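K.L.:
whatever this is, show me its structure:
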Amino acid sequence: MGTEQKPKIVFVLGAPGAGKGTQCEKIVEHFGFTHLSAGDLLREERKREGSEFGALIEDNIKNGRIVPVEITCSLLENAINATKASTGNDKFLIDGFPRNEDNLQGWNRQMGDKVRLLFVLFFECTEEQCIARCLKRGESSGRSDDNPESLKKRFNTYINDTMPIVDHYRAQDLVKTIDAVAGPDEVFDKVRCAFADVE
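P.N.:
Numbering: from 1, shown residues only. Coordinates of the predicted model:
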């Protein structure tokens with residue numbers, strides 16, 4: 001990436017159904033970030049004709065396991081580079097990543113020196129509420145993992161694997177926690193404060 005400015009990154013973490021996608025749309029609209037969802041990139045890659053990673057991604061997603069970090073990092077890096085090349089935008093929200101220790105180590109190895117992490121935006125929400133939101137979303141999303149059994153697994157994975165990542169960044173004073181229980185507009189008022197000092 002040479003001497004040019006490193007892309008600026010905000011990680012967006014929170015349980016399935018905490019409202020990450022909804023809030024990311026608002027952040028894109030108001031603060032000019034490009035939204036990259038690790039999950040969406042993996043789902044697109046899974047469907048892409050002739051993808052070398054497709055079957056592997058499918059198997060992992062179906063079984064509630066996390067896809068190998070090298071694949072996710074490569075997809076994110078490609079998306080960052082493609083966006084910078086086509087739009088010149090260097091501000092990125094990375095949604096739903098890093099989800100576990102392996103993701104964190106892999107990202108630091110592959111991407112740590114290539115980007116500047118601004119902070120981690122963490123949406124806090126109760127399990128009951130997250131599951132209810134996902135089930136409602138499942139009625140229209142067509143996502144195979146929006147069902148009670150998968151959601152329970154995903155929530156446990158999140159508590160066991162993702163919370164330590166939030167704690168890791170919290171120890172570096174890089175986490176901005178948002179109470180995500182309220183409605184989208186109230187939550188966004190809090191998000192707006194978190195982005196107030198982003199140049």
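
K.L.:
can we go C-alpha only for contacts and neighbour counts from here?
P.N.:
Noted.

K.L.:
show me where pLDDT drops low in this protein?
P.N.:
Along the chain, the parts satisfying pLDDT under 70 run over 1-4, 199.

K.L.:
residue ranges of the helices in it, please?
P.N.:
Listed in chain order, the helices of the chain (DSSP state H) span 20-31, 38-47, 54-62, 69-87, 101-110, 127-141, 148-157, 163-171, 184-194.

K.L.:
identify the residues contacting the spatially closest residue to residue 134 that is not a sequence neighbour.
P.N.:
The spatial neighbour of residue 134 that comes closest, neighbours along the chain excluded (Cα to Cα, 6 or more residues apart in numbering), is residue 17 at 5.2 Å. Contact partners of residue 17, counting by Cα atoms under 8 Å, 6 or more residues apart in numbering, are 129-131, 133-134.

K.L.:
want to throw those residues into TSV with distance to residue 60?
P.N.:
Shown next, in TSV, are the contacts of residue 17 (distance: Cα to Cα, whole Å):
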residue	distance to residue 60
129	25
130	22
131	21
133	23
134	20
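
K.L.:
what subset of those residues is buried?
P.N.:
130-131, 133-134 (16 or more other Cα atoms under 10 Å).

K.L.:
nearest to residue 51 among these?
P.N.:
Using Cα to Cα, the shortest approach to residue 51 within the buried ones among the contacts of residue 17 belongs to residue 134, at 28.2 Å.

K.L.:
could you measure from that closest one over to residue 21?
P.N.:
12 Å (Cα to Cα, to the nearest Å).

K.L.:
nearest to residue 95, of the helices of the chain?
P.N.:
helix 38-47 (6.1 Å).

K.L.:
if we can go back for a sec, possible to save the helices of the chain as JSON lines with distance to residue 5?
P.N.:
Shown next, in JSON lines, are the helices of the chain (distance: least, Cα to Cα, whole Å):
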{"stretch": "helix 20-31", "distance to residue 5": "18"}
{"stretch": "helix 38-47", "distance to residue 5": "23"}
{"stretch": "helix 54-62", "distance to residue 5": "32"}
{"stretch": "helix 69-87", "distance to residue 5": "11"}
{"stretch": "helix 101-110", "distance to residue 5": "18"}
{"stretch": "helix 127-141", "distance to residue 5": "37"}
{"stretch": "helix 148-157", "distance to residue 5": "35"}
{"stretch": "helix 163-171", "distance to residue 5": "23"}
{"stretch": "helix 184-194", "distance to residue 5": "22"}
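
K.L.:
out of those, which gets nearest to residue 6?
P.N.:
For residue 6, the closest of these is helix 69-87, at 10.5 Å, according to Cα to Cα.

K.L.:
of the buried ones among the contacts of residue 17, closest to residue 109?
P.N.:
Distance to residue 109 across those (Cα to Cα) is lowest for residue 130, with 31.9 Å.
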